[in-house]
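K.L.:
quick one: sequence and predicted model below, then my questions.
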Protein chains: 6
Amino acid sequence: MNFLSLSEYVPTGIPGMDDMLEKKGIPRGTTIFLAGGPGSGKTTLAIQFLVNGAISNGESGLYVVADETPYRLRTNMMRFGFDIEKLEEAGKLMILDIAPIRYLPREEITIGIGKKFSIKELREKIEESIQKVGGKRVVIDPITVLGFQYTDEVERRYAMIDLLESLSIMRTTNIFVSELKGTGLEREHMFEEYLAQGVILLRNIRIKGRLVRSLQVEKMRGLEIDTQPRPYSISSKGIEVYPEETIL
Amino acid sequence: MNFLSLSEYVPTGIPGMDDMLEKKGIPRGTTIFLAGGPGSGKTTLAIQFLVNGAISNGESGLYVVADETPYRLRTNMMRFGFDIEKLEEAGKLMILDIAPIRYLPREEITIGIGKKFSIKELREKIEESIQKVGGKRVVIDPITVLGFQYTDEVERRYAMIDLLESLSIMRTTNIFVSELKGTGLEREHMFEEYLAQGVILLRNIRIKGRLVRSLQVEKMRGLEIDTQPRPYSISSKGIEVYPEETIL
Amino acid sequence: MNFLSLSEYVPTGIPGMDDMLEKKGIPRGTTIFLAGGPGSGKTTLAIQFLVNGAISNGESGLYVVADETPYRLRTNMMRFGFDIEKLEEAGKLMILDIAPIRYLPREEITIGIGKKFSIKELREKIEESIQKVGGKRVVIDPITVLGFQYTDEVERRYAMIDLLESLSIMRTTNIFVSELKGTGLEREHMFEEYLAQGVILLRNIRIKGRLVRSLQVEKMRGLEIDTQPRPYSISSKGIEVYPEETIL
Amino acid sequence: MNFLSLSEYVPTGIPGMDDMLEKKGIPRGTTIFLAGGPGSGKTTLAIQFLVNGAISNGESGLYVVADETPYRLRTNMMRFGFDIEKLEEAGKLMILDIAPIRYLPREEITIGIGKKFSIKELREKIEESIQKVGGKRVVIDPITVLGFQYTDEVERRYAMIDLLESLSIMRTTNIFVSELKGTGLEREHMFEEYLAQGVILLRNIRIKGRLVRSLQVEKMRGLEIDTQPRPYSISSKGIEVYPEETIL
Amino acid sequence: MNFLSLSEYVPTGIPGMDDMLEKKGIPRGTTIFLAGGPGSGKTTLAIQFLVNGAISNGESGLYVVADETPYRLRTNMMRFGFDIEKLEEAGKLMILDIAPIRYLPREEITIGIGKKFSIKELREKIEESIQKVGGKRVVIDPITVLGFQYTDEVERRYAMIDLLESLSIMRTTNIFVSELKGTGLEREHMFEEYLAQGVILLRNIRIKGRLVRSLQVEKMRGLEIDTQPRPYSISSKGIEVYPEETIL
Amino acid sequence: MNFLSLSEYVPTGIPGMDDMLEKKGIPRGTTIFLAGGPGSGKTTLAIQFLVNGAISNGESGLYVVADETPYRLRTNMMRFGFDIEKLEEAGKLMILDIAPIRYLPREEITIGIGKKFSIKELREKIEESIQKVGGKRVVIDPITVLGFQYTDEVERRYAMIDLLESLSIMRTTNIFVSELKGTGLEREHMFEEYLAQGVILLRNIRIKGRLVRSLQVEKMRGLEIDTQPRPYSISSKGIEVYPEETIL
């Protein structure tokens, strides 16, 4: 059993965040569930993870996108200085568009993989793409779309386990972007929080009438984590976490 | 790829509001989800966006209305000094009535597009209208009616993505007016908040027994926004936001 | 377009209430949604609106009643000095009983319009009655019964729009009496709050252990309103609002 | 129209309670909805109303019981000094047992009116009994059982209106005993609260850790009521209300 | 009518508890609904009631058990000094196992009464057992299992009334053990609370961060009860209540 | 009846935890329901219980795993110094993988027991494994997967009783790992809390803005337990509880 290889850690590339993870990063080969509200910077954080992996760590990345066009994604990320197109051309980043249907003006052409794709098809597409780009890091944004394929909760759980298993075998380090249902601090857990090896929450917490952006590492198997919520900002340089500060 | 054109910004025409958007406005070609309670001034804000666009920025607008008659809309907006009829005659504003059915006294004539129209039909109607008026700004008020066409949540999500995609290709800047489900600060997110590029909330917040009108930019892709709730007023000049004041 | 005629205002006849409506009243030709809990004086307020309209403004009224007998209504209102029978005889007030079924002792005679009437039938009945009495003000009490005809939420919304449209064409000023679902300040909005031009809430608010009757104008299209909750009383003279007082 | 006869009031016979009702009592010919939690004394209050009516006001009463045996009822009430059997023998009180089924040991004999009785049958049974005893006051305890006959909410509402109408024609004064769904102060309204002419709530309110029995007249058509919750006690003399005291 | 026999009281055998019941106990021939959370000592309290009845009052008891094995019950109770086996041998206590199915190793033998028994069968089994042991006290633990036989709420209510009726005729004094749905102080009432003659709640109340065991007599027909929650403990002597202490 | 054997106690091996259990441990032959949120250390606690049992008490253990691979489990636990592989080789610990399906790259081989296994099959598998390893301690992680086999709540309850019964006959001491539904302190009880002989909760409690890990023994049949929540930590040595400290 190759124990040491599994105990390597992948730096997140998010300033301040690795300090919450024993100053190490995410355990290699695991999947992190990243959940946040609208405008919380989930996509920015996930792209930052891929871009910094490609530039600073020489790790190619795969970005699986469902709700956005690759075009708009490239444009949006440019303002953080994330030049996605350049990385794509250099073969260090690949965008896999799994939007079921895309319309072009006056035509209706399905360029996605269809509204009722099977998880098996999706998994195979992702595996192919990982191999093509030699990917070490994978982001699926959002993972929500996966659940739509299954009305049955049990099926959904097994599909998630299958996908986690498959990526585990590929030895990639992954972020699954997810959507929080509501604004409250008290909330129902999503079943993925139990299945993923790590869970990170991005929330807007109301402190004396002000809203404070707060990042919390809820769970990270294989690490002694700081589970306190910590403030973070979204600026022109992307996400930055302040691991020494409290949100109070 | 035309990067610069996308990074242009559209001034909202709402006094004080652009200050919350890096003093720039809404990124051109994106869709804003504007959600508020009854009497929160959603329609006023949306019309103000169109009227000021037409008058101050030379951008024609399309107002897609579902629950109100164009007649009453024109009258109501007159008191804010928004002369819709004049703009219509000048070809700078167009009202598209998508109410499924309209009754005239003693007769029953369907002058809308029928109760069970498809999103494709609606989309095509909107596209035609945009082209006719040369529209740069679009408002759909309320977007709620769209959801009624789909009992299935997944279908609803895809229909919304289709519509967003279509408008994105038309390069218009859009406001989708939506209805908040309840009065509480803690609330469930609507899935549209995740799909739209921006989210603005209009709420009546209870501060020591008084109700204070508060506008919050929850999300705006491509901008460093002020996410704090800020007070606003509805006066004879329309909506005005006070970006320097706190609601406390 | 007859702009000025629409901008006339209808005095409510409720002492103190017009002060919350720019000292003008309700915009003519619009519909107000009046929602309150049991015993909050909804019916009293609505009748007061009709009686004062008939006596002070020379405007005839139509009262559409579903859950009460006309007989008991007349008796109950007598104690506020509202002599309904006299106004009926003078042709200034008309009661339209839409209770689906009324029992007389030992017999079972349907004198209403049947349990499964269509909205179209109801609308036509109301239109006929308005024309008969030359009605300028209409009350439907409660509007709840309308919703019972439709199990489907979309159908219910369209039926409400149809009715609002129809009354709008008749140019009457209307109050739709509705029932609040619960006692809490935080509550789900009813869809009618979005469709009606105005919304008034009657609630019993708990202030330091005491219950205080509070009237709030949540919405009134075409007016700069006072949206703060204000105390009101129910005395032998009917409803009185105290627009200068806070409920704290 | 016999206005004065309707404006008579029926003394409740509950010490302190008439003080909350303009020192008059319940308007004759109306129905009061009495809702409370388990052990709140609903049945005691209702019986007290009947017994005092028979003894002090010479008004015969009808007690319609669904969940209890007449035998146990008689015994339980004896400790408050309410000698039901004596009043029955004197023809001043009648118990109508509408329990659908009653078991005798080793036999199974249906002595009620069957599990799926119609409201019409129940109404006729009640009318017959009122005429037999010459009843002026009627209690149905609990009214909950009525709702069980109808799965459809609309049907349930109409059945309630039918019953209220029928009793109104009999000119009896009535208490419908009902069960509160939960312990919280914030609660959903029951539709009967809107239909009945009066609503009285019996609750156990938590004041600084102690539970205080509180009676609140939420609604009483035709009276200027004290709507504040007032403390009450259940002692060997039955229910007593303290109308001058606050529950704080 | 045998009034006095019904007014006898059965001492509970729980130290401190009779003080909350006019120092008398539970009215003979009635049924108490005992609801509590996991680990609240419901079973201990119920067994204590039976054991003390057998030892101190010479009243034989029947314990109807659904979720536990008689074997483990005997063992668990031994540590409180309740020697169930000895009482069984002396014919003073009988355990009726109504678990639908019990497995023995490697075999599957149904020794219960089957998963879909009827209430009538259960009632007859209980009646037989009461007669066999000459039982004066009966415990059913938990009563929850009864509800499983009926998907329909109305059927469930009638089945409960039938069972209460049947035991009432047997003149036994009974405790029905039930499970609280949640941990909150605000809660929905269970319909059994309205049907049973008495209701006792065992809860863990959070007082300034500490959890305090609290017993509350919510209802007891025929007694002037102390309805305040009082602290209790579970020690090696079983349950003890402190009727003079407040939980604050 | 072998009373003394049942009253033996099994030390948990979790530092500080036995102090909350009369300094004894878990009663031998019972099942503990261990519920916690994501990242609360449920699996770590359960493995610690097995490993310490094997090393310090000479009791072999069986770990039944559903959502994780044995491979990753071994790796994760290594960092706490729990050398699972060594114990497996020594025949002191056995891992039973009941994941319904496991994928190998490019192949799809079902190596689990299938998605729709019966509880009877699972029970037999567990019994076989216990006998093979001579197991005295059993962990099922998570028990959640069991519920998926039954859509009907009643069936689920009976299946749980069957499994508890079966393990009781095997005389093993067991931990069933379960997932909390939400983050709130007020919560619905899971029915397993009523069936298991013990319940332990792992929660993250918000104290003045900080999150504090808290362990609470909610229930433990046969022991006088400390039911107060106590702080615990997860360090490189596994779980440690601080039974003398309060979480305030």
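P.N.:
Yep, that arrived. Numbers count the residues shown, from 1 in each chain, chains lettered A, B, ... in the order given.
K.L.:
and the residue most central in space within chain A, what is it in contact with?
P.N.:
Per CA atoms, centre = their mean, the C-alpha nearest to the average position across chain A is that of A:Ile175, at 3.0 Å. For A:Ile175, the contact set (CB atoms under 8 Å, 6 or more residues apart in numbering or on different chains) comprises A:Thr31, A:Ile32, A:Leu34, A:Leu45, A:Ala46, A:Phe49, A:Arg137, A:Val138, A:Val139, A:Ile140. Quick note: C-beta positions are derived from backbone N, CA and C, even for glycine.
K.L.:
surely it forms part of a strand?
P.N.:
Yes. Assignment of A:Ile175 by DSSP: H, G, I helix; E, B strand; the rest coil places it within a strand.
K.L.:
beta partners of it?
P.N.:
A:Ile32, A:Val139 (DSSP bridges).
K.L.:
my guess is A:Tyr148 contacts B:Val154. True?
P.N.:
Rather than Tyr, residue A:148 is Phe. Yes. Applying CB atoms under 8 Å, one finds A:Phe148 in contact with B:Val154, separated by 4.4 Å.
K.L.:
for the residue in chain A positioned nearest to chain B, grab phi and psi.
P.N.:
Of all residues in chain A, the one sitting closest to chain B is A:Gly39 (2.6 Å; CB to the nearest CB). Reported as degrees, to the nearest 10, the phi and psi values for A:Gly39 are phi 80, psi 10.
K.L.:
and stretch A:239-248, which residues are buried?
P.N.:
A:Ile239, A:Glu240, A:Val241, A:Pro243, A:Ile247 (16 or more other CB atoms under 10 Å in any protein chain shown).
K.L.:
and the buried ones among the contacts of A:Ile175, selectable in ChimeraX?
P.N.:
Restricted to buried positions by 16+ other CB under 10 Å, the ChimeraX selection for these reads:
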select /A:31,32,34,45,46,49,137,138,139,140
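K.L.:
same question for stretch A:185-193, mean pLDDT?
P.N.:
What stretch A:185-193 shows for mean pLDDT is 93.
K.L.:
actually stretch A:218-229, sorry about that
P.N.:
For stretch A:218-229, the mean confidence score works out to 93.
K.L.:
is chain F contacted by that stretch?
P.N.:
Yes. Stretch A:218-229 reaches chain F (CB under 8 Å from any CB of the partner chain) through A:Glu218, A:Lys219, A:Met220, A:Arg221, A:Gly222, A:Glu224, A:Ile225, A:Thr227, A:Gln228, A:Pro229.
K.L.:
give the bridge partners for the third one, please.
P.N.:
Assessed by DSSP bridges, A:Met220 has beta-bridge partners A:Gly198.
K.L.:
how close does it get to F:Gly39?
P.N.:
7 Å (CB to CB, to the nearest Å).
K.L.:
which neighbours do the two have in common?
P.N.:
A:Val199.
K.L.:
please enumerate the strands of chain A.
P.N.:
Secondary structure of chain A (DSSP state E): strands at A:9-10, A:26-27, A:31-36, A:61-65, A:93-97, A:137-141, A:173-179, A:198-207, A:210-220, A:230-235, A:238-241.
K.L.:
note down every partner strand of the fourth one and its orientation.
P.N.:
Okay, so that is strand A:61-65. strand A:93-97 (parallel), strand A:137-141 (parallel).
K.L.:
contacts for stretch A:124-139 next, please.
P.N.:
A:10, A:46-47, A:49-50, A:53, A:59-64, A:91-94, A:96, A:98, A:113, A:140, A:166-167, A:170, A:172-177, F:105.
K.L.:
please apply the same query to stretch A:227-242.
P.N.:
With contacts defined as CB under 8 Å, 6+ apart, stretch A:227-242 is touched by A:14-17, A:19-20, A:41, A:44-45, A:48, A:79-82, A:201-203, A:205, A:212-218, A:243, A:245-247, B:224, F:39, F:204, F:210-211, F:213.
K.L.:
flag the shaky bits of chain A, pLDDT-wise.
P.N.:
A:1-7, A:100-118 (pLDDT under 70).
K.L.:
flag every residue of it that's near chain F.
P.N.:
Residues of chain A lying near chain F (CB under 8 Å from any CB): A:1, A:3, A:6-7, A:120, A:127, A:153-154, A:157-158, A:161-162, A:165-166, A:168-170, A:185-189, A:191, A:193-195, A:199, A:218-222, A:224-225, A:227-229, A:246-248.
K.L.:
what sits against A:Phe49?
P.N.:
Contacts of A:Phe49 by CB under 8 Å, 6+ apart are A:Thr12, A:Gly13, A:Ile14, A:Gly61, A:Arg137, A:Val139, A:Ile175.
K.L.:
what does the first one show for phi and psi?
P.N.:
With angles defined as degrees, to the nearest 10, A:Thr12 sits at phi -80, psi -30.
K.L.:
measure the residue nearest to the centre of chain A to C:Leu50 for me?
P.N.:
63 Å.
K.L.:
name the residue of chain A that lies nearest to chain F.
P.N.:
A:Lys219 (2.6 Å).
K.L.:
surely that residue and F:Gly36 touch.
P.N.:
No. Assessed by CB under 8 Å, A:Lys219 is found out of contact with F:Gly36, at 10.6 Å.
K.L.:
in the lengthiest helix in chain A, what counts as buried?
P.N.:
Counting residues, the longest helix found in chain A (DSSP state H) is helix A:153-170. Buried residues in helix A:153-170, counted by 16+ other CB under 10 Å: A:154, A:156-168, A:170.
K.L.:
is chain B contacted by it?
P.N.:
No. Judged by CB under 8 Å from any CB, helix A:153-170 makes no contact with chain B; its nearest approach is 12.8 Å.
K.L.:
how far off centre is that helix?
P.N.:
The chain centre lies 16 Å from the centre of helix A:153-170; the measure is CA atoms, centre = their mean, to the nearest Å.
K.L.:
quick one: list the elements packing against it.
P.N.:
With contacts defined as 3 or more CB pairs under 8 Å, 6 or more residues apart in numbering or on different chains; DSSP states H and E, the packing partners of helix A:153-170 are strand A:31-36, helix A:119-133, helix A:144-147, helix A:192-195.
K.L.:
from the residues of stretch A:218-229 next to chain F, list the buried ones, please.
P.N.:
Going by neighbour count (16+ other CB under 10 Å), those have A:Glu218, A:Lys219, A:Met220, A:Arg221, A:Gly222, A:Ile225, A:Thr227, A:Gln228, A:Pro229 buried.
K.L.:
identify the farthest-apart pair in these.
P.N.:
The largest separation in these, counting by CB to CB, is between A:Gly222 and A:Pro229 at 21.3 Å.
K.L.:
run a quick neighbour tally on the residue in chain A that chain C sits nearest to.
P.N.:
When scored by CB to the nearest CB, chain A has A:Gly184 as its residue closest to chain C, at 12.2 Å. If you count neighbours by other CB atoms under 10 Å in any protein chain shown, A:Gly184 ends up with 17.
K.L.:
please name the residues that touch it.
P.N.:
B:Glu186.
K.L.:
from B:Thr172, how far off is it?
P.N.:
As defined by CB to CB, A:Gly184 lies at a distance of 35 Å from B:Thr172.
K.L.:
residue contacts, the nearest residue to A:Leu167 once chain neighbours are set aside?
P.N.:
Nearest residue to A:Leu167 in three dimensions, chain neighbours excluded: A:Asn174, at 5.4 Å (CB to CB, 6 or more residues apart in numbering or on different chains). When contacts are counted by CB under 8 Å, 6+ apart, A:Asn174 touches A:Thr30, A:Thr31, A:Ile32, A:Arg137, A:Val138, A:Val139, A:Ile140, A:Leu167.
K.L.:
thought A:Ala35 was touching A:His189?
P.N.:
No. Applying CB under 8 Å, one finds A:Ala35 not in contact with A:His189, separated by 10.1 Å.
K.L.:
more crowded one of those two?
P.N.:
A:Ala35 (25 against 16).
K.L.:
tell me the contacts of the more buried one?
P.N.:
A:Ala35 neighbours (CB under 8 Å, 6+ apart): A:Lys42, A:Val177, A:Ser178, A:Glu179, A:Leu180, A:Met190, A:Glu193, A:Val199, A:Ile200, A:Leu201, A:Leu202.
K.L.:
having no further points to raise, I will conclude here.
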